[in-house]
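Asks: coordinates for the following, if possible.
(one chain, ligands or ions: 2)
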Amino acid sequence: MRIGHGFDVHQFTEGRDLMIGGIRVPYELGLAGHSDADVLLHAISDALLGSIAEGDIGKHFPDTDEEYKDADSKVLLKEVAALVRAKGYEISNVDSVVIAQKPKLAHYIPEMCRVIANVLDIDVGQVNVKATTTEKLGFTGRGEGIASEAICLVEKADNKSLL
Ligand SMILES: Nc1ccn([C@@H]2O[C@H](COP(=O)(O)O)[C@@H](O)[C@H]2O)c(=O)n1
Ligand SMILES: C[C@@]1(CO)OP(=O)(O)OP(=O)(O)OC[C@H]1O
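Replies: Ligands and ions are numbered 1, 2, ... in the order given. Predicted coordinates:
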């Protein structure tokens, strides 16, 4: 069994959809980035890559590559899950938190979990997403951007039956 951790931050910007957890969250601002800037999917991607010692999403999907301009982060996450499986691991569970003063995310979290589980091809019960403010402290608290952290466990596919 191996563990992985991911962390990501994106700054708010005008004129973009706010994509979090693979869904569009209605809000007056979006997040800036080379891709669709889905801060939660990036943190989960980094956690999974960390669990198999494969660096981070910047290594696999460079922000200097036009191929990833406005990329759908669900596609990137799917590629990461395929890499985990190619290395002989199955995803046991993913836990995560989105750190945002606004917008309120609780209503959207069940759909985010469904989308993430679908992209990773695991059961929705293996995915958890949480949200927190920072009580108006720091860059998230001032509404300058959104941060996200994720953690995951993966296990060797051929060990699964022993657990
Ligand atoms: N962007 C957010 C932040 C938080 N929530 C929900 O509110 C609860 C309380 O947040 P605190 O920061 O005061 O602990 C939290 O547990 C989330 O359920 C949210 O929906 N969207
Ligand atoms: C995902 C990538 C790839 O387009 O671009 P961004 O959307 O800027 O996101 P970041 O979290 O900086 O991660 C790495 C990038 O390579």
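
Asks: show the contacting residues for the residue nearest the centre of the chain.
Replies: With the centre of the chain defined as its mean C-alpha position, the nearest residue by Cα atoms, centre = their mean is residue 41, 2.0 Å away. Neighbouring residues of residue 41 by Cβ atoms under 8 Å, 6 or more residues apart in numbering: 21, 22, 73, 74, 76, 77, 116, 119. In this view, the C-beta of every residue, glycine as well, is placed from N, C-alpha and C.

Asks: for residue 15, same thing?
Replies: Shown in contact with residue 15 (Cβ under 8 Å, 6+ apart): residue 30.

Asks: picking up where we left off before, separation between the residue nearest to the centre of the chain and residue 127?
Replies: Distance, residue 41 to residue 127, using Cβ to Cβ, to the nearest Å: 12 Å.

Asks: joint contacts of the two?
Replies: Common neighbours of residue 41 and residue 127 (criterion: Cβ under 8 Å, 6+ apart): residue 116.

Asks: output the set of residues of this protein in proximity to ligand 1.
Replies: Applying the criterion Cβ under 6 Å from any ligand atom, the portion of the chain that neighbours ligand 1 consists of 100, 104, 105, 106, 131, 132, 133.

Asks: among those residues, which ones are buried?
Replies: When those are checked for burial by 16 or more other Cβ atoms under 10 Å, the buried set is 100, 105, 131.

Asks: and the first one, what pLDDT?
Replies: So the one you mean is residue 100. In this prediction, residue 100 carries a pLDDT score of 98.

Asks: perfect, that will be all.
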